[in-house]
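Participant: Have a look at this prediction, sequence included:
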Amino acid sequence: METRATSVFLCFIVIASDCYAGVDLHPRFLLSSVQQAIDGYWGDWATWGSCSESCGTHGYRLRTRACDNPVPKNGGKPCSGADSEMSPCFSPCPVDGHWGSWNAMKLCSVTCGNGTEEYARSCDNPAPAHGGKQCSGPSVKVSPCSPSPCAIDGNWGKWSHWSACSVSCGNGAEYRHRRCDHPSPSHGGRACSGSSAQTQSCHLNACPVNGGWSHWSAWGHCSVTCNDGVQHRTRTCSNPAPSHGGHGCIGATQGSQSCHNNPCPVNGGWGHWSAWGHCSVTCNDGVQHRTRTCSNPAPSHGGHGCIGATQGSQSCHNNPCCHDKMPQNICVAIWYTGRCIEIVGRVECAKTCIYCH
């Protein structure tokens, strides 16, 4: 231990300049300077305090010490350094267990359709530690599984009722059907075998049969052997004949048409006589003629010609001829009131002739 009091004491006895070792030698301090100065020193550290965290790695703890070994006195120096210090502290925290993933333990109990399979899991994600809780819940579970739908073979449902007969009379048919839906084939199952429909005959009252015409017969002979005539043909209501109240045939049982033969021979026939021609003379007696033709009708197609003459003649009678009157060049004759009048020098002379000569 350093004793500053001794040096102070010596300086006091051997009063010399600059020999005070930093002590104020004022008279009022001389007495106290004679007392011994004690520097302070640290006492022992106290025990560590509690960790700031109950667990984990982020906590710290604290301890302290006092400058009391000894406490600084009489101007002694205080303790140097800190009066407390910290230290990290940690302790493992409790770790609660957690389940890991489910893992298949047993494969599905079936290869198709609906079954079950088992899964297991471990309490290792993480495992419980340092007093942590165990995992809650089962470690094994059973779950439904369905690898793939099973093939289902089809089976027939019930037959439907028979349908109504396909006809209202006579012989017909009636039908019924069924479906492959009990169940329907699925997932590669087989279809139903057999027919989905059935037919059976049905018999009702005989139907009315309407009559139908037969074919026409061949045309008969023409009614004439030449020129245009008529020929006939017939048919019967027998294809089929009407029965069971059916209607008879509509239409005629006989047909007719014109028939054309070679023209018949036409014998010639006389036409009318023409008018009589002029008399062959103008006075006294003469002859006059008339004609006719074989054109009513004209003979044709090998017919006979007309029999008889084509020309006829007869006598014609005129007034007597005049020979004793004036020369012809001075005689002018006109017909006037049935008489031949000679006009000569404006003198009228009655004549019995038609023309003057």
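Facilitator: Thanks, I have the structure now.

Participant: just the strands in the stretch 151-300 of the chain please.
Facilitator: 171-177, 197-203, 228-234, 254-260, 285-291 (DSSP state E, counting those that start in this stretch).

Participant: can I get those strands in JSON lines with mean pLDDT and mean neighbour count?
Facilitator: In this view, the C-beta of every residue, glycine as well, is placed from N, C-alpha and C. Shown next, in JSON lines, are the strands of the stretch 151-300 of the chain (pLDDT from 0 to 100; neighbours: other C-beta atoms under 10 Å):
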{"stretch": "strand 171-177", "mean pLDDT": "94", "mean neighbour count": "14"}
{"stretch": "strand 197-203", "mean pLDDT": "93", "mean neighbour count": "12"}
{"stretch": "strand 228-234", "mean pLDDT": "93", "mean neighbour count": "14"}
{"stretch": "strand 254-260", "mean pLDDT": "92", "mean neighbour count": "12"}
{"stretch": "strand 285-291", "mean pLDDT": "92", "mean neighbour count": "14"}
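
Participant: Pipe those into a markdown table and attach distance to A191 per row.
Facilitator: Formatted as a markdown table, the strands of the stretch 151-300 of the chain follow (distance: least, C-beta to C-beta, whole Å):
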| stretch | distance to A191 |
| --- | --- |
| strand 171-177 | 16 |
| strand 197-203 | 15 |
| strand 228-234 | 63 |
| strand 254-260 | 63 |
| strand 285-291 | 110 |
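
Participant: Let me know which of the ones you listed is the nearest to V209.
Facilitator: The closest of the strands of the stretch 151-300 of the chain to V209 is strand 171-177. By C-beta to C-beta, the value is 13.5 Å.

Participant: pretty sure H317 contacts D285?
Facilitator: Yes: the pair H317 / D285 is scored as a contact, 5.2 Å apart, by C-beta atoms under 8 Å.

Participant: Where do the helices of the stretch 1-150 of the chain begin and end?
Facilitator: 4-13, 27-33 (DSSP state H, counting those that start in this stretch).

Participant: hey, least reliable of those helices by pLDDT?
Facilitator: Lowest mean pLDDT within those: helix 4-13, a mean of 37.

Participant: Contact partners for N205?
Facilitator: By C-beta atoms under 8 Å, 6 or more residues apart in numbering, N205 lies in contact with C169, G170.

Participant: Can you give me the pLDDT of it?
Facilitator: Value for N205, per-residue pLDDT: 87.

Participant: From the chain's centroid, how far away is stretch 206-225?
Facilitator: 54 Å (C-alpha atoms, centre = their mean, to the nearest Å).

Participant: try stretch 141-153
Facilitator: For stretch 141-153 - counting by C-alpha atoms, centre = their mean - the centre lies 39 Å from the chain centre.
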